[in-house]
Structures are given as C-alpha cells and as structure tokens.
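Colleague: Generate coordinates for the sequence data below:
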Amino acid sequence: PPVVSPPGPNRPPPTAVTRIPVSRGLGPRSLQVSPIVSNVSSFCPMQAEAQEGILRASSKETSLKIREYCIIFNAQWMPLPSTLTNATNYQLQDLTSTVLCNSSDVPAEGIKDKLVVVMRGNCTFIEKARVAVGNQAKALLIASNTGLIPPSGNTSEYDQLQIPVALISYADVVSMKKVLGNQISATLYSPPVPSMDYSILIIFFIAVGTVALGSYWSGIEEPESESLSPESRSKTRRGSKNEDTANILTPITVLFFVIIVIVMIVLLYFFYKWLVYVVIAIFSVASTISLFNCLWALVRRIPYCKCSFMCSNRRIEVRLVVLALFCVSLAAVWVVFRNNDRWIWILHDCLGVAFCLNFLKTLKMPHFKSCVILLVLLLIYDVFFVFITPLFTPNHESIMVEVATGSGSGSGEKLPVVIRVPRLVPSVATLCGIPFSVLGFGDIIVPGLLVAYCRRFDVETNGYSIYFILCTIAYAAGMMLTFVVLIVMKMAQPALLYLVPCTLITCTITAIARKELRIFWTGSVYEMMTPVDAASEETTAALIEPVSENPSEI
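Modeller: Purely as a prediction, here's the structure:
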C-alpha cells in the first residue's frame, strides 16, 4: 500500500497508515544494544492507554554498571516522570518466584519502600497492585514471559492505584540480575520521543534517487541499438515498441489496474494470514528478476570477462549465469531471514529499490492522460482506505493499517511492500523494539511512472530534460512536504496526498508554459506518429529501389 509511516510512536491511536509491528519483551534489550524504536500499537483489550518507559537499573556494588530496559505502563493509572532528574530511585526486590495475588506471597522481611518485581498470572494487574500498596511497596513491576501488553482493568478501580505499575520482560529481569547482581537500585521514567529522526532523510534520498534513476533509465536506449545504423535503429525501435505494447498502461488498463489493487487490499484484509505468503513469494521472484535486470544493465557494458559456453545450440555468457545465481542467493537469504529486523532491512531495501527501478523501466505510460487517471484514482484509493475505512471497520482502524502491519493476523509476517530505515536517534522507543520509518513502494512507483513519462517525452521531442528535471524536483518537494506534515501532525500520512498534486500541477504548468499541453496530454510526437513514420519509411524504401530497365515492367 502506498503509505508513509511516522518516525516515532508518540501519536494518536492509529487512524492512519503504516507501522511496522515488532515483538516486545522477547529478550534482553538495553540501550547500548538496541539500535532502533518501536511503535505502540493498539493491543489493549480494555481501553488501556499504553506508553513506553525506561527502567534504569544500576548495581549498588559499582556505579559503573548501568543498564536500561523497556517497560510498558498505563498512563491512565499512575504516570511516570518525563525526566530522570524528577524520578525516584528505589531499591529493587526480586519476587519473580511469586505472583503476588495475596498477602501470603509477601516475604517475611516485607516489601516496604521497595520496587517489587513479581510474575504475571493468576490474578489481575489491579489485584497485584492492591496487595503491593497494602504492604507499602513504592512501585510494582510485573514480569511477563508472553510479551508486553499495557496493564488494564476496570476504570472504576483506577483510583485504588497509588503506585506506578508497569510490565517488563522476564528475560530482561534475568539479564538484569546476571549483569548487575542482586543489589540493584532502579528508577522508572518515560521521556518523550523526538519528533524528528534522521531516518526520514535517508528515506527521502532513497525515494528521490530511485525515482530519478529509474525514470532516467526508462529513456535510455539499449546498448545494442546504439551501435546500429540509423535505418536498423529505426527498425529496432519500432519492433521494440511493438514488443512493449503489453507493458503500456492505457486508460482502460489503468482502470483494471486500480480495481485489482482495491480487490487485493480487501482480500488481504480478510485473508491476510494466508495471502501474505503469496505476496512474499511474488516479491521474492519479482525482486530476483528486477535485481538481475538492474545489474545486467551495468555488467553488459563491461568489455571484459565475456567467456561463454554452448547450451542447446545457444551461446551463454558465464558472467550471466554467475549474476543470476548471485541474485537468486540474495533473494533466498531475504526469504530465510526476512523477520530479523536488526539487519535484514538493508537487503530488503536493496531488493525493493531494484524492484522499483525495474518497474519504472518496464512499465510505460503512453501519455499524460493515463498518468492523470492513474495518479488521481490511486490518490482517492489511498485517502479512502486510510481515513474513511476506520468509520465502518469493527475496531475503528483503517484497512490500510490492518493490511500494512498485519496486526489482526497473529502470524507475525509483514508485507514486503515498503522501504524501511531504522530510527537513528536513541530514545525510549528504540529501547523497546526495532521500529522503522517506512515508505510504501507505491509512493515511489506511482509518481515515478509520471516522471518516467516526462523523461521519455523529453527524449522523443528533444526537450532538453525540462519536464524530467522539473517533475523530479516536484516529487522531491512533495516528499519534503509529506515529512513536514508527518512531524507536525505526529501521525502517519498517505504520501500520495502530497506527491500527486505537486507532480501533476508542475507538469501541467510546464506544458502550458512551453505551449505543448496538447502534445503532452496525448503523447509525444514519436508515439503519435508511429504509423505515419512506418508508412513514410515504406514509401522511402519504394522510391530508392532500383528501377527496372524493362519498360514493360514499369
């Protein structure tokens, strides 16, 4: 889905677009180890307002040993201070051998003025907190083996909570004791997440670079045609156009394409846990072919290492086979490790960029009219599935969010349809998971098809790349506007809402200023005049044929 996700988790409940869910509390994570942030998703069964916090633990034996761990708390209960200077330091007492459901679970020495850690289970969070308050504990941590969810309960019982209550991973508790020993002091606080993260700048350069490079590539002739004579090049170009007819999006094809996109997202909404594997399989195959095409376009220009062998009466270059095996191997690595968020995002982005480049090179828009129809329809589709569908879905969450995150499937699989870059600024969110700033492939491909059309129009009309350069700048401006709104609104945005007007308006104004709107709307001179050109060439060929010396044959 063509969406862009915000860089941080401090945003309203999800009424807009894409977030990458991550597992929480499944292993020890400290600020020194975890590189990136996570999103607080709506996993609350009883209107729990979840927030992420930090448990800062230090050893009493040596002040040099300090570790920070992720905690999840309910802001409606007892809020945590936002800064470390305003937080209170407690002595931590490990009672993970009990569940603290009644006073009999309290040890003989008591838990007065302690930060108590108990196991989750057997009773509600509020019942545990009630026992802790009754025994004069200062704070309560509930260790969970099954992932972190926000503490919840009946709102009428909230006033009984007089101490901070939070969840922590049991694995983090074990790691804490192993690193810091048994004499531990700890502080609970929840600092705000920075609105700006440098990861969106990386996404910006990836998106603009991919659109510019893919569009420029779409207007470059193949090396074989460059070495041919003008007559042979004309025939080759005409044959190439006939072969590419199936790859041209006419207005009718655009309508079918948009209908297929709508049907696909609806099917994914209802059958996500099955269809996600179909999408993963399609992406792995398509990205392999795309990566091969991109690399082969470079390798074929190298005049060395052209060893070949015969196979079925055909000569095959060795470097072509090696390149194919290399691309298949990379795709196989991605399939196997696709859920390892710590490093696989690099390979995923490389395959995604190759997919977008090959898409822009292969699929062609015949005229500006098709571009307008495609971009406007997908803009309406994007806004509808982001902002309108929450009004009638059972959980009041947009279909786009459900599909993009797979939050309702329980499979843990994510659709490989986004460029994603981890957050670079350490924060509480980076401590609690592996979050990403993300941009959907559609936000690159859909406007990129217009930029690619501008590039080919310039080539065919000798326009000195005016349309291509201005449309690329307009795309970059639209992307910058998207990120500005993202930071200001602190909620995910459908990028096409800003990219489509910027690119379409720029192209239209440019065509009007150059007095080429009619040609630009209906297609370049070359595309419009192909049948006439063919007839002209046939006439020319007839005129230059040798004249027969036999008058009776004239």
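
Colleague: Can you list the low-confidence ranges for the stretch 301-450 of the chain?
Modeller: 406-411, 434 (pLDDT under 70).

Colleague: quick one, strands of it?
Modeller: 308-311, 314-317, 418-422, 436-440 (DSSP state E, counting those that start in this stretch).

Colleague: so which of the ones you listed comes closest to residue 301?
Modeller: Proximity to residue 301 (Cβ to Cβ) singles out strand 314-317 among the strands of the stretch 301-450 of the chain, at 13.2 Å. Yep, even glycine has a C-beta here, placed from its N, CA and C like the rest.

Colleague: neighbours of residue 219, just the number please.
Modeller: Using other Cβ atoms under 10 Å, the number of residues around residue 219 comes to 18.

Colleague: correction: residue 484
Modeller: When neighbours are counted by other Cβ under 10 Å, residue 484 comes out with 12.

Colleague: does it sit in a helix or strand, and which one?
Modeller: Following DSSP states H and E, one finds residue 484 within helix 466-489.

Colleague: Quick one: list the elements packing against that helix.
Modeller: In terms of contacts (3 or more Cβ pairs under 8 Å, 6 or more residues apart in numbering; DSSP states H and E), helix 466-489 is packed against helix 199-218, helix 442-461, helix 496-513.

Colleague: what angle sits between the last one and helix 199-218?
Modeller: Put plainly, it is helix 496-513. Interaxial angle, helix 496-513 versus helix 199-218 (axes from the mean of the first three to the mean of the last three Cα atoms, to 10 degrees): 40 degrees.

Colleague: Buried residues, helix 496-513. List them.
Modeller: For helix 496-513, the neighbour count (16 or more other Cβ atoms under 10 Å) marks 496-504, 506-507, 510-511 as buried.

Colleague: out of those residues, what pair is the most spread apart?
Modeller: For the buried residues of helix 496-513, and using Cβ to Cβ, no pair is farther apart than 497 and 511, which are 23.1 Å apart.

Colleague: Help me confirm that residue 192 comes into contact with residue 80.
Modeller: No. Applying Cβ atoms under 8 Å, one finds residue 192 not in contact with residue 80, separated by 11.6 Å.

Colleague: Pick out whichever of the two has more residues nearby.
Modeller: residue 80 (21 against 12).

Colleague: which stretch of helix or strand covers that one?
Modeller: Residue 80 belongs to no helix or strand, assigned by DSSP H and E.

Colleague: can you tell me how far it sits from residue 107?
Modeller: Here residue 80 is placed at a distance of 26 Å from residue 107 (Cβ to Cβ, to the nearest Å).

Colleague: before we move on, what about residue 379?
Modeller: Distance from residue 379 to residue 107, by Cβ to Cβ: 63 Å.

Colleague: The two: which is more packed in?
Modeller: The neighbour count for residue 379 versus residue 107, taken as other Cβ under 10 Å, is higher for residue 379 (20 against 11).

Colleague: these two touch, right, the more buried one and residue 496?
Modeller: Yes. In this structure residue 379 lies within contact range of residue 496 using Cβ under 8 Å: 4.9 Å.

Colleague: now do the same end-to-end measure for stretch 68-82.
Modeller: Taking Cα to Cα, to the nearest Å, stretch 68-82 runs 15 Å from one end to the other.

Colleague: Report the inter-axis angle for the helix holding residue 484 versus strand 436-440.
Modeller: Using the same axes, to 10 degrees: helix 466-489 against strand 436-440 is 140 degrees.

Colleague: what's helix 466-489 in contact with?
Modeller: Contact partners of helix 466-489, identified using Cβ atoms under 8 Å, 6 or more residues apart in numbering, comprise 4, 6-7, 195-196, 200, 204, 207-208, 211-212, 215-216, 219, 447-448, 450-451, 454-455, 457-458, 492-493, 495, 497-503, 505-507, 510-511, 514, 520.

Colleague: And the strands in the stretch 51-200 of the chain?
Modeller: With DSSP E, counting those that start in this stretch as the criterion, the stretch 51-200 of the chain has strands spanning 66-74, 89-95, 114-119, 139-144, 165-169, 184-189.

Colleague: No more questions from me, cheers.
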